[in-house]
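> Here you go, sequence then predicted model.
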Amino acid sequence: MTRAQSAGILLYRWTAGSLEVFLVHPGGPFWKNKDAGCWTIPKGEFENEEPALDAAIREFREETGFSLKGHFLPLSPVRQKGGKRIFAWALPGNLDPAAITSNTFEIEWPRHSGKQKTYPEVDKGGWFTLAAARSIINPAQIALLEELEETVAPPTAPVGPPAAHP
């Protein structure tokens, strides 16, 4: 049995000398009225047969509609409260949160109603300063923000083109 694992991308940009990160809010009825502690990097589960970076790029595209290319900086894996291990890579880039499109999933809702409803995997995304991100991200993923802050320096030239829709 494969232990639960996910792979994701921590997209970042520099704005007026300040480091910002792109995070997403999970869709569906369980997360509807929750904010603090539930935002995350775009990520998703994968099996051992799929390379983790490939899964991270695929999941980013599925959850945002944007395809990424570039030099992916590996970050140290983190383990969430439930035991899931998260593999992550940082990448400089830019995208418009209003333009994201997410894949969907079906769930019986309300519970025991026999009715299936469709929800987006991600219902919104946004750019956040590191201070703001620390207050809303899944607590286990704060380590990713800290490693990013210690690792990347402000660019001396403009960051490459924004991510492109497929």
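Now that the structure is in, tell me what you want to look at.

> quick one: buried residues of the strand of greatest length in the chain?
Using DSSP state E to define each element, the chain has its longest strand at strand 5-15. Neighbour counts using 16 or more other C-beta atoms under 10 Å place 5-14 of strand 5-15 among the buried residues. For every residue, glycine as well, the C-beta is placed using N, CA and C.

> any chance you could map the strands in the protein?
Using DSSP E, strands in the chain cover 5-15, 18-26, 43-45, 73-79, 85-92, 104-108, 116-120, 122-129.

> can you put those strands in JSON lines and add mean pLDDT?
Below are the strands of the chain laid out as JSON lines (pLDDT from 0 to 100):
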{"stretch": "strand 5-15", "mean pLDDT": "97"}
{"stretch": "strand 18-26", "mean pLDDT": "96"}
{"stretch": "strand 43-45", "mean pLDDT": "95"}
{"stretch": "strand 73-79", "mean pLDDT": "97"}
{"stretch": "strand 85-92", "mean pLDDT": "98"}
{"stretch": "strand 104-108", "mean pLDDT": "90"}
{"stretch": "strand 116-120", "mean pLDDT": "91"}
{"stretch": "strand 122-129", "mean pLDDT": "96"}
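
> now for the ones you listed, which one comes closest to residue 137?
Relative to residue 137, the nearest member of those by C-beta to C-beta is strand 18-26, separated by 6.1 Å.

> Which strands or helices does that closest one pack on?
Contacting strand 18-26 under the criterion 3 or more C-beta pairs under 8 Å, 6 or more residues apart in numbering; DSSP states H and E are the following elements: strand 5-15, strand 122-129, helix 130-136, helix 142-151.

> Out of those, flag the one nearest residue 27.
Using C-beta to C-beta, the nearest of the helices and strands packed on strand 18-26 to residue 27 is strand 122-129, at 3.7 Å.

> The closest one packs against which elements?
strand 18-26, helix 52-64.

> Now render those as CSV, adding distance to residue 70 and mean neighbour count.
What follows is the helices and strands packed on strand 122-129, written out as CSV (distance: least, C-beta to C-beta, whole Å; neighbours: other C-beta atoms under 10 Å):
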stretch, distance to residue 70, mean neighbour count
strand 18-26, 14, 20
helix 52-64, 10, 20
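
> nearest to residue 94, of those?
Among those, the nearest to residue 94 by C-beta to C-beta is strand 18-26 (8.6 Å).
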